[in-house]
Structure formats: C-alpha cells, structure tokens
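**Student:** following is a predicted model, sequence given first.
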Amino acid sequence: MTALMPLTSIIDGIDYSIVNPENKWRILRSQSRFFLWALLISSGVVMQGFDIVAGGQLVVLPEFKKKFGVLLADGSYIIPAHYLSAWNSIAPACEIVSTFIFAPMLEKYGRKPGIVVASFISSAGILLQQLAPDWKVHLAGRGVNGIAIGMMFTISPLWIGETCRPELRGFFLCFFNTSIVFGQLAIVALSRGSSHIEGKWQWWLPVVAMYFFPLLLLSVWPFFPESPYWLVRQGKTARAREALQRVYGSNIDSFYDIEIHRLEEEIRIATELQGDLDAKHKAFLGVNISAESECFKGVNLKRTLTAIFAASGQQLIGATFVIGYATYFLDLIGVKDYFNASVALYVVMIVASAAAFPLTEVIGRRTLIVWPQFVLCFFLLLIGIMGCVPNQSRASWGIVVFLYIWAVIYQVSIGATGFVLASEIATMRLRGATQGVITISNAVWGLIMQFTVPYMINPDAGNLGGKVGFIFLGTGLVAAVGGWFLYPETKGIPFEILDELYTSKVAPRHFWEKAQEVMTRITQPDSKQELSVHIEKVPAH
C-alpha cells in the first residue's frame with residue numbers, strides 16, 4: 001500500500017487516499033461509468049481488428065475475387081499473392097508514418113482532438129475501399145484507414161492507463177486486446193453472413209460495416225473527457241477536475257481532491273527522478289519531440305525496449321498467421337466448412353480474451369506471458385509437424401485443433417497481457433511518447449508479417465501450409481527467451497515504485513519481490529505516510 005496524502009475521506013468503506021491493490025475488486029464495483037468511457041474509446045481499436053482480418057476474409061468471397069482477382073484458365077478467380085500482400089501491409093505502413101507525425105502532438109494538444117481527426121480519416125478510407133474501381137484504389141483506402149488506426153492504437157490504451165485507478169490498470173487495459181478480437185470476430189461473422197448474398201453487397205457488407213466505429217466515436221466526441229493526467233501536467237487543474245467528474249460521475253468532492261493529488265504526486269515523482277521534459281524542449285514544426293528521444297536515453301531505454309518487446313512479441317509468436325489469415329488458411333488446407341470453423345475460432349478467442357480481464361490482476365503480467373509463450377512455441381512446432389504429413393486431408397483437422405488451443409492460450413496470455421504490460425511499463429511523463437513508439441514498432445512487425453505471410457501460404461507462392469508453424473517457432477522462441485529477461489511483474493505496483501525499481505537497476509524478473517519489500521517498509525507503523533523514494537537523477541544527455 002502506498003500513501004498518497006493524509007486520510008481525507010473513506011467512500012463506501014474504501015480509503016481512496018492510498019493505492020491498495022487489495023481493494024481492486026471493491027473499487028471495481030464503483031467503476032460502471034468509467035467502464036463505459038473505456039469501452040467507447042476502445043471501440044476505435046475495433047477498427048484494427050477489422051483491418052487485421054479483412055484481407056483474409058474478403059479474399060475468400062467469390063464476388064470480391066471476381067471484382068479484384070485474376071481470371072484463371074479454368075474459369076475461376078484468384079487473388080495474386082502480391083495483391084494480398086500489398087493490401088495487408090499498406091495499413092501498418094501508414095500506421096508507422098502517421099504515428100511518427102501524430103504521437104508528438106499528443107503532449108502538445110492532448111488526447112481528445114486525435115479522436116475526431118482519426119474518425120474522419122477512417123471514414124474517408126472506408127469510402128475509398130467501398131467505391132474502389134480496381135485493386136489499387138482499394139489499396140489506397142486501406143492505407144488511409146491505416147492512418148486512423150495508428151492514431152487510435154496510440155490514444156486508446158494511453159487514455160485508459162492514465163485515467164483509471166492504479167489498482168485496476170491491468171483490468172481495464174485488457175479492453176485493448178478484447179476490442180481487437182471483437183473486431184476480428186465481427187468481420188468474420190459478417191463475411192460468413194454475406195457469403196450467401198449475390199452481387200457486390202457480398203463484399204460491400206463487411207466493408208460498409210466499418211463505418212459504425214468512426215460514426216460512434218464522432219457521436220460521443222463532444223462529451224468525451226480529456227485525459228485528466230494530461231490536463232494536470234499542463235497546469236489545468238480545474239479542467240482536470242471537470243474531466244474526472246465526467247469520467248466518474250460521483251458527487252463526493254473529496255474523491256476528486258484525492259485523484260487530483262494522486263496525479264500531481266505521480267508527475268512530481270517522475271520529474272524528480274528523471275527531470276522536466278519541458279525544460280529539454282526540442283521543437284519540430286512547433287511540436288515538442290524531446291519525449292521521443294528521451295525514450296531511448298538512460299534508464300528509459302530498458303523500459304522502452306520492454307514495452308516494444310511486449311507488444312511486438314505478439315507478432316513474433318505468430319498472431320498474424322493464426323489470427324489474420326485463419327479463414328483463408330483453413331480454406332487453403334482443405335477444411336470444407338472453413339467459414340464456420342473460423343467463426344468458432346474467433347468466438348473461442350473473445351471468450352479467452354475476456355477471461356484475461358480478472359486473470360491479469362489475479363495471476364499477474366509476467367506469469368501470464370513468460371511461460372505461456374514457450375507453450376505457444378510447442379504448438380507451433382506441432383502445427384509445423386502436421387504440415388509435413390503426406391495425407392493433408394487428415395492432417396488438416398489436427399492443424400485446426402492445434403490452432404484452437406494456440407488461440408486460447410495466446411488470448412489469455414500475451415494477446416491480452418502483452419498490451420497491458422506495454423502500456424504501463426513507461427514512466428508516466430513519457431507514456432504518450434512510449435505508446436507512440438509501441439504503435440510504430442508493432443506496425444513495423446505487422447508490416448513485415450502482413451507482407452510475408454501471403455507469400456508463405458498462397459498457392460501461387462510458397463504454399464507452405466502447416467509448415468509455416470516452423471517459421472514462427474523460430475521467431476517465437478526469440479520472443480519467449482527475451483521475455484524471460486525483460487518482463488517484470490507490475491501487478492499492483494504503483495508507478496512511483498516502478499520508477500524507483502528501474503532507477504535502482506533491479507533485474508525485471510525480481511521486481512515483485514523488491515516491490516513487496518518497499519510497500520511493506522512504507523506501511524510499517526513507524527514509517528512516514530509519504531513514500532520515501534530513492535531518487536537518482538538521470539544524467540543529462
């Protein structure tokens with residue numbers, strides 16, 4: 001338990017003036033309004049779930065093949081591997097570019113303006129995809145929508161992590177992954193339903209459905225609260241209080257006094273540990289870009305690499321292969337009822353992802369990521385072995401079973417918890433910049449995977465089938481071994497103690513034990529209420 005300020009109020013039997021992980025489930029009962037705001041901002045990330053799977057879904061629809069594919073001698077149509085590769089890699093490529101431009105603006109203009117900009121950009125990208133006369137215009141639409149996806153991919157976990165109570169960071173950050181999986185399930189289900197429609201609406205329906213998310217964000221945007229943390233950092237305490245009132249809706253004034261003080265203390269401690277970012281202001285086109293360079297200096301370098309690894313590990317372990325191309329892959333390996341099989345797969349995944357909400361707080365981040373990654377590698381090995389079986393008609397169902405098991409383990413572990421760890425590992429003053437770096441690095445890996453996977457599995461290219469499992473076994477082992485050394489346990493550890501542990505150069509795998517020692521020390525009867533933090537100034541660069 002970490003003291004934030006002298007006791008001022010106990011609300012519903014909970015002392016909010018301290019950060020106490022033991023209170024998380026009692027606090028959760030009072031979070032219904034925050035739950036809705038978190039759900040709304042996470043809906044922007046649903047667009048990415050749509051986009052990740054869109055290529056693998058649309059390509060199996062006959063009308064889509066007829067519109068954009070190449071006619072073969074036998075009268076059938078095929079989408080060439082380079083079409084599919086371009087469609088699926090353009091969005092992450094545009095995410096990278098947009099995040100380079102957009103992420104530095106988060107500190108200057110706040111989180112809220114980006115939501116409305118991303119919504120309009122997304123609508124334009126969807127319109128281009130819908131009305132595209134050829135595959136290149138459809139490609140352009142995917143790219144424009146990728147710009148919006150990069151923006152929301154950065155804003156959503158940033159806003160949730162900054163605004164929620166520390167006791168519930170992991171729980172609410174799981175919204176991020178579940179939103180992506182929901183988007184994947186939605187487009188698979190829509191594609192399954194539209195496969196019975198004749199004409200252009202067969203492929204238009206999944207595309208047009210994407211309008212729902214930017215329109216939803218636009219409709220609630222005038223009422224959406226700015227990040228209270230960002231407002232406090234800007235010295236706009238009165239507006240931060242108003243934002244908190246909109247977030248929680250409580251009529252108890254002392255609660256907002258406590259929350260404002262908590263945010264001020266987090267900012268103060270982060271500044272004492274690492275200096276004032278504004279004092280090192282470096283501008284480009286009027287935007288402070290110092291934060292981005294600070295992410296890779298001194299003690300922040302390890303935290304940034306850990307955040308990158310936690311998010312990028314999802315790509316290394318095979319998420320693009322299993323999740324992004326499930327329907328298309330099942331079709332290629334000869335599963336007759338591939339649409340129903342893929343719908344069932346995504347239903348299983350969203351249930352598993354929802355299970356991660358409580359597990360990430362009960363079991364913890366490191367435990368849920370490190371060992372399950374080795375298990376995922378084992379199943380990738382089994383998929384690769386099944387791909388070598390001569391009778392592929394029989395082996396295909398073995399591959400399906402292993403894909404299901406892999407998907408459940410993935411969603412409960414690094415699928416959900418990787419984003420949680422990546423979003424909370426940065427020091428508070430650099431969270432916006434670090435989230436931008438995470439988006440860029442994740443998009444880089446997405447670009448690599450989305451570009452190469454079609455060439456691995458397409459009949460006119462590698463046609464590897466289940467043997468693709470061997471490729472991701474290799475990259476997955478890199479993610480698993482790296483995670484053992486890099487990933488700390490952050491469950492219930494306040495940000496200021498995380499700062500102290502990193503500054504003191506404690507090995508990440510020992511964070512939990514050291515954090516308990518610190519939290520026990522400060523709650524002893526003869527200790528002071530205020531947290532005594534070992535402060536070590538970061539050398540100037």
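**Tutor:** Structure received.
**Student:** now do Gly114 against Ile90, distance only.
**Tutor:** As judged by CB to CB, to the nearest Å, Gly114 and Ile90 stand 21 Å apart. Bear in mind the C-beta positions are built from the backbone N, C-alpha and C, glycine included.
**Student:** check Gln373 too.
**Tutor:** Using CB to CB, Gln373 is found at 29 Å from Ile90.
**Student:** what do you get for Asn340?
**Tutor:** As judged by CB to CB, Asn340 and Ile90 stand 30 Å apart.
**Student:** for these two, indicate the residue with more neighbours.
**Tutor:** Ile90 (24 against 12; other CB atoms under 10 Å).
**Student:** name the helix or strand for the more buried one, please.
**Tutor:** In the assignment (DSSP states H and E), Ile90 maps to helix 81-109.
**Student:** same deal with Phe175?
**Tutor:** Under the assignment here (DSSP H and E), Phe175 is part of helix 169-194.
**Student:** list the buried ones in that helix?
**Tutor:** Buried residues in helix 169-194, defined by neighbour count with 16 or more other CB atoms under 10 Å: 169-192, 194.
**Student:** leaving out sequence neighbours, find the closest residue to Leu173.
**Tutor:** Val420 (4.3 Å; CB to CB, 6 or more residues apart in numbering).
**Student:** the one you found: how many residues sit nearby?
**Tutor:** Around Val420 there are 30 residues (other CB under 10 Å).
**Student:** do you have the helices of the stretch 301-450 of the chain handy? List them.
**Tutor:** Applying DSSP state H, counting those that start in this stretch to the stretch 301-450 of the chain gives helices spanning 319, 326-332, 338-362, 365-386, 392-410, 416-424, 431-457.
**Student:** which neighbouring elements make contact with the next helix-or-strand element following the helix holding Phe175?
**Tutor:** The helix or strand immediately downstream of helix 169-194 is helix 201-208, counting by DSSP H and E. In this structure, helix 201-208 packs against helix 32-58, helix 62-68, helix 112-131, helix 169-194, with contacts taken as 3 or more CB pairs under 8 Å, 6 or more residues apart in numbering; DSSP states H and E.
**Student:** return the residues in contact with Leu205.
**Tutor:** Going by CB atoms under 8 Å, 6 or more residues apart in numbering, Leu205 touches 190, 193-194, 197.
**Student:** of the residues you listed, closest to Leu473?
**Tutor:** Leu190 (32.5 Å; CB to CB).
**Student:** list the contacts for the closest one?
**Tutor:** Contacts of Leu190 (CB under 8 Å, 6+ apart): 205-206, 209.
**Student:** what residues of stretch 248-259 count as buried?
**Tutor:** 248, 255-259.
**Student:** how about those, which pair is most distant?
**Tutor:** It's Tyr248 and Asp257 that sit farthest apart of the buried residues of stretch 248-259, by CB to CB, at 12.9 Å.
**Student:** give me the low-pLDDT residue ranges for the stretch 351-500 of the chain?
**Tutor:** For the stretch 351-500 of the chain, the stretches flagged by pLDDT under 70 are 392, 428, 460.
**Student:** the same query, at a cut-off of 90, please.
**Tutor:** Counting by pLDDT under 90, the stretch 351-500 of the chain contains low-confidence residues at 351-369, 383-384, 386-408, 411-469, 471-472, 475, 479, 482-483, 486, 488-500.
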